[in-house]
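Visitor: return a 3D structure for these sequence lines:
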Amino acid sequence: MSTAWATMTYKILFHPDAAHEIAGLDNSVRLPVLKQIKKLSLTPGLGNELGSKQGIDLTGYRKLYADKKKIRIVYKIVDEKILVQVIAVGKREGMKVYKKAVKRIQENKKIKNTSPGSTASAKPPAHKPPCGGTKKTSAFICAICGNYSALLTK
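Guide: Numbering: from 1, shown residues only. Prediction:
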């Protein structure tokens, strides 16, 4: 992993479901979560490295705490693209946030590994804007396709 973090600003990409999780948080929780995520753009190595625990393998991913360690932010640093991918946001209870992260990672691998002309579905999951379509926001970028517009259309 690169140590060039101090000299670069990393782009933050959100998995669409992670964007919805953040949007669904109470404002008193959402603000500390967004502050922590903002810190990742300047210091992506801020969080703790994850590994394999209780049958959940998140090797190569990190977690960052928010809201007095009640909320976990699961993310991955992609140095070669100078970005941080936020995969899941939520409480640790029952390892739920980590299970969601693994599921999303596996779904994204299936989408990326499906070749053209294959019988398997190569369509990414449908996108809905975090605001429910009532206002446009460029704060969320789709971690699957990398487009702003994917999260701005109904």
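
Visitor: going forward, measure contacts between C-alpha atoms and count neighbours the same way
Guide: Fine.

Visitor: buried stuff in the helix or strand containing L34?
Guide: According to DSSP states H and E, L34 maps onto helix 27-42. Buried positions in helix 27-42, judged by neighbour count with 16 or more other CA atoms under 10 Å: 29-30, 32-33, 36-37, 40-42.

Visitor: where do the helices sit along this structure?
Guide: For the chain, the helices defined by DSSP state H occupy 16-23, 27-42, 96-113.

Visitor: the first one vs helix 96-113, what angle?
Guide: Between the axis of helix 16-23 and that of helix 96-113 there is an angle of 150 degrees, by axes from the mean of the first three to the mean of the last three CA atoms, to 10 degrees.

Visitor: list the helices and strands helix 16-23 packs on?
Guide: helix 27-42, strand 83-91 (3 or more CA pairs under 8 Å, 6 or more residues apart in numbering; DSSP states H and E).

Visitor: and the angle from it to helix 27-42?
Guide: In terms of direction (the same axes, to 10 degrees), helix 16-23 departs from helix 27-42 by 130 degrees.
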